[in-house]
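Asks: sequence-free structure coming up:
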C-alpha cells in the first residue's frame, strides 16, 4: 500500500472506536495494520446495528455501519487471547511490529504476558499505546468507560446544547462520538511522535492515553475562559461565547450558519444584509461590544434573514467574503460540489457486498499519495495469510471467520 507509513507495521489489539480510529488513520497513511479480534464475535462494533451492510442479494451481513466506519485498510486475524496459542501469535507479531495499540482494562494484558514490559523485552523498539477511559493510574483506572459518559464527566455536555430557559434546553452530547475520535487522533499523533524519537534513541515507549484526559484537554477555550475569569461557561446553543455574530439563523426555507470572525467581516455582513449602519452602531463596533450585546444583534440579524431563502443569503453573504453556509443534512454533504470534487466518498471492493462506501481520509500528500484499496476486513479474513507470514501452524489456531 502507498503512503508515508508504508514501512510501518501496526499490531491493533483495540476495539470499539478510539483505538480503531487511530489505527485506521495509520492504515490510511500506508501502514500494515493487523487487527486482532475475538473468534466468533470479533470487534464489539460488528454488532452495533442496524444498519448493516447489504450483501449482493440485498440481505443484511454482519458488517455494521459503525464497524465499517473505523476499520478500513486493515487485515483481520481471529485469536483467542485466553489460550497460550493466541498469546504466542501476538508475541510473534509484536516482535515484528513497530506500534501496538490496545484498549483492554488495566492489568488484563499483564495476565496474558502481553503487557508493555513483557513485549518490550522481546522488541525494545516497540511503541506501545494503551488507551483506557481513565489511564493507567488514579482512583478510576479500573473503571470501564464509553464516549457518552466521558462527554458528561469531562464537562463537554455542560457547554453543548441550548440554554435551560430555551425550548429544548438542557445538556446534549455531540452528534458523533467526539471523545473517542479525538482520543484516536491523539493516539495517532502520540505513536508517530514516539516513532520519531525512536530514530534518535533506538528505543520504543509506552504511551498512557486516557479518554478523560483527552476530554479535559480539548475543552480548550471554554476551559481557559473559566480559568482566567472564574465564571463557569454555560450552554449558549449555537452562539459562540467569544465571537459574534456566530450563530444559526432561520430563513424561509431552512437554516443558515453565520461565522463572522472579525470587525471587518462584520462591516461586510452589515452591508450584505442592507444595514451598513450596524457597523457604526456603538453597540456593535468591536467584537467585544457585539459579544456584550449579542441578544440585540441576534434579533436584528434574525429579522432580516428570516425574510429570504437560505441559498440566496449564502450567495449574497459569501460574495462579500463573509463565512456562511447552509446547514446540510448528511445526504446533502455528499452531494456538496466541494466534497464531490475532493473525492471524500470512495467505494471499495467488498467480498460480500461487491462494494462498500467509505469516507476517505482528509489528508493529502504530494510526494506519497494515499491509496484506498483495502476495505474493512471480514472477521478473521486474513488469519491464514498472517500465520503463514509468521511460519506458524494455522491448524493449531482454529480461526473463526464470518
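Replies: In hand now; what should we look at? Since the structure is predicted, the reported quantities are computational estimates derived from the model, not experimental observations.
Asks: show me where this protein has strands.
Replies: Here the chain has its strands, by DSSP state E, at 9-13, 32-37, 52-54, 60-64, 74-78, 99-102, 127-132, 205-210, 246-251, 254-259, 324-326, 345-350, 354-359.
Asks: would you turn the ones you listed into JSON lines with mean neighbour count and distance to residue 162?
Replies: Bear in mind the C-beta positions are built from the backbone N, C-alpha and C, glycine included. Below are the strands of the chain laid out as JSON lines (neighbours: other CB atoms under 10 Å; distance: least, CB to CB, whole Å):
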{"stretch": "strand 9-13", "mean neighbour count": "24", "distance to residue 162": "39"}
{"stretch": "strand 32-37", "mean neighbour count": "26", "distance to residue 162": "40"}
{"stretch": "strand 52-54", "mean neighbour count": "18", "distance to residue 162": "34"}
{"stretch": "strand 60-64", "mean neighbour count": "20", "distance to residue 162": "31"}
{"stretch": "strand 74-78", "mean neighbour count": "24", "distance to residue 162": "40"}
{"stretch": "strand 99-102", "mean neighbour count": "28", "distance to residue 162": "37"}
{"stretch": "strand 127-132", "mean neighbour count": "26", "distance to residue 162": "32"}
{"stretch": "strand 205-210", "mean neighbour count": "20", "distance to residue 162": "30"}
{"stretch": "strand 246-251", "mean neighbour count": "17", "distance to residue 162": "11"}
{"stretch": "strand 254-259", "mean neighbour count": "17", "distance to residue 162": "14"}
{"stretch": "strand 324-326", "mean neighbour count": "18", "distance to residue 162": "20"}
{"stretch": "strand 345-350", "mean neighbour count": "16", "distance to residue 162": "32"}
{"stretch": "strand 354-359", "mean neighbour count": "16", "distance to residue 162": "29"}
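Asks: of all those, which one comes closest to residue 295?
Replies: Evaluated over the strands of the chain, closeness to residue 295 peaks at strand 246-251, with 10.8 Å, by CB to CB.
Asks: next, the angle from that closest one to strand 254-259.
Replies: 160 degrees (axes from the mean of the first three to the mean of the last three CA atoms, to 10 degrees).
Asks: strand partners of strand 246-251, parallel vs antiparallel please.
Replies: Strand 246-251 pairs in its sheet with strand 254-259 (antiparallel), by DSSP bridges.
Asks: can I see the domain layout of this structure?
Replies: Structural domains annotated on the chain: 9-217+341-397, 246-333, as defined by automatic domain parsing.
Asks: pLDDT of the longest one, averaged?
Replies: In this model, domain 9-217+341-397 carries a mean pLDDT of 96.
Asks: I'd assumed residue 314 was in contact with residue 325.
Replies: Yes - judged on CB atoms under 8 Å, residue 325 makes contact with residue 314 at a distance of 6.4 Å.
Asks: give me the common contacts of those two.
Replies: With contacts defined as CB atoms under 8 Å, 6 or more residues apart in numbering, the residues adjacent to both residue 325 and residue 314 are residue 256.
Asks: on that earlier part again, between the strands of the chain, which one is closest to residue 118.
Replies: Evaluated with CB to CB, those place strand 127-132 nearest to residue 118, the distance being 10.1 Å.
Asks: what angle do that closest one and strand 205-210 make?
Replies: Compare the direction of strand 127-132 with that of strand 205-210 by the same axes, to 10 degrees and you get 20 degrees.
Asks: for strand 127-132, packing partners?
Replies: Using 3 or more CB pairs under 8 Å, 6 or more residues apart in numbering; DSSP states H and E, the elements in contact with strand 127-132 are helix 18-28, strand 99-102, helix 116-122, helix 178-201, strand 205-210.
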